[in-house]
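Participant: build the 3D model from these lines:
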Amino acid sequence: MSERIVARRTIGDNVITVFMVIICFLALYPVWYTLIVSFNNSEDTLRGGIYFFPRKFTLESYRTVFQDKSIIKAFGITIMRTLVGTVTSVVFTSMVAYSFSKKHIMGNKVYMIIGTITMFFGGGLIPTFILYKNIGLYDNFLVYVIPSMFNFYNMIIFMSFFREMPVEIEESAKLDGANDIFIFFRIIFPLSMPVIATIALFNGVWQWNDYFTGVMYINNSDLQPIQTFLYRIIASASASKAVVSLPAGISAQQVSSQSVRLATMVVTTLPIVCVYPFLQKYFVKGMLVGSVKG
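Facilitator: Numbering: from 1, shown residues only. Model (predicted):
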């Protein structure tokens, strides 16, 4: 009987393993295909038949991308908005969450209800555009920073984490004469690194991948991020896979629009892919502590 059970478990494990391998292949192959086509010769790419490895390896597409100074400038804007936007969002959201974690705060429940409503209903695109333009955020770098400084969902994660902290920590600090600001920045904030890393990862990935803000609220090409730069390349490129001269200031050298678009995708995705593994352990821990326990 035990041998039959072991055999059934073995068959079941094999089926699950094969199924997961197929799922992983379907998830990873588009990324791999993007990579190999970006390294393949442009003219050879038009012939098709490239599936697993570059047929004619070349760096021409990447050379074409990096020859243009505007893409370097777009990278700088993206790096700046990611760093500034992530730091300001984490600090501001955590400060608000720390206040909301105190149940004695006047109007706590009312503000929670109002904040919850904003998670399901928004003002709409046109009113948002008019608002940003009237307050001077249109064609302004701060449009990447100020609107993203507070996120109610992230605030809930922070608040749940803060409520799990022992009250004795704050009480002992207050006995020593510390005020709320000192307690938060010198005691609570340093002890909250798991959830801080989680929210920073959320916000950082969003800031890096966001193209819509640049498309809607930025008209100055010097302020557009790399994702908006890529979006405009893809939107302007020919639907056919013919050899064309790409728009948006990319090198005038004649290359395949497909290979250059894919090379730009690889370049824009690589930094966030390299950062993610280092924050993954904090990401998992922060989600468990900040959400499940809360």
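
Participant: what about residue 192, is that helix, strand or coil?
Facilitator: Going by DSSP: H, G, I helix; E, B strand; the rest coil, the secondary structure assigned to residue 192 is helix.

Participant: so who does it touch?
Facilitator: Taking C-beta atoms under 8 Å, 6 or more residues apart in numbering, we find residue 192 in contact with 94, 158, 161-162. (Each C-beta comes from the backbone N, C-alpha and C, glycine too.)

Participant: any chance of those in CSV, plus neighbour count?
Facilitator: Listed next are the contacts of residue 192 as CSV, based on neighbours: other C-beta atoms under 10 Å:
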residue, neighbour count
94, 25
158, 28
161, 27
162, 22
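
Participant: so which of those belong to strands?
Facilitator: Secondary structure of those is defined by DSSP state E; no position falls in strands.

Participant: so which bits of stretch 217-237 are buried?
Facilitator: Buried residues in stretch 217-237, defined by neighbour count with 16 or more other C-beta atoms under 10 Å: 217-218, 223-233, 237.

Participant: tell me what the helix ranked longest in the chain is packed against?
Facilitator: Once the chain is assigned using DSSP state H, the helix that runs over the most residues is helix 2-38. Judged by 3 or more C-beta pairs under 8 Å, 6 or more residues apart in numbering; DSSP states H and E, helix 2-38 is in contact with helix 257-287.

Participant: hmm, residue 202 is touching residue 154, no?
Facilitator: Yes: the pair formed by residue 202 and residue 154 meets the contact definition of C-beta atoms under 8 Å, at 6.4 Å.

Participant: can you tell me the centre-most residue of this structure?
Facilitator: For the chain, the residue whose C-alpha lies nearest the mean C-alpha position (C-alpha atoms, centre = their mean) is residue 205; its distance is 1.5 Å.

Participant: so who does that one touch?
Facilitator: Listed by C-beta under 8 Å, 6+ apart, the contact set of residue 205 reads 272, 276.

Participant: quick one: it from residue 198, how far?
Facilitator: Applying C-beta to C-beta, to the nearest Å, one obtains 11 Å for the distance of residue 205 from residue 198.

Participant: and if you look at residue 27?
Facilitator: Using C-beta to C-beta, one gets 23 Å for the distance from residue 27 to residue 198.

Participant: neighbour count for these two, which is higher?
Facilitator: residue 198 (27 against 9; other C-beta atoms under 10 Å).

Participant: what's the helix or strand for that one?
Facilitator: Assessed by DSSP states H and E, residue 198 sits inside helix 193-209.

Participant: cool, and residue 123?
Facilitator: Secondary structure assigned from DSSP H and E places residue 123 in neither a helix nor a strand.

Participant: that one: what's it in contact with?
Facilitator: Residue 123 is in contact with residue 131, counting by C-beta under 8 Å, 6+ apart.

Participant: just use 20 as the starting number from now, easier for me
Facilitator: Shifting the count to begin at 20 puts that one at residue 142.

Participant: am I right that residue 191 falls within a helix?
Facilitator: Yes: judged by three-state DSSP, residue 191 forms part of a helix.

Participant: still on that earlier bit, can you list the buried residues in the helix holding residue 217?
Facilitator: Neighbour-count burial for helix 212-228, counted by 16+ other C-beta under 10 Å, picks out 213-224, 226-228.

Participant: state the next helix or strand along the chain beyond it.
Facilitator: Per DSSP H and E, the first helix or strand lying C-terminal to helix 212-228 is helix 231-236.

Participant: who does that next one touch, helix- and strand-wise?
Facilitator: Judged by 3+ C-beta pairs under 8 Å, 6+ apart, helix 231-236 is in contact with helix 144-153, helix 245-255.

Participant: thank you kindly, that will do.
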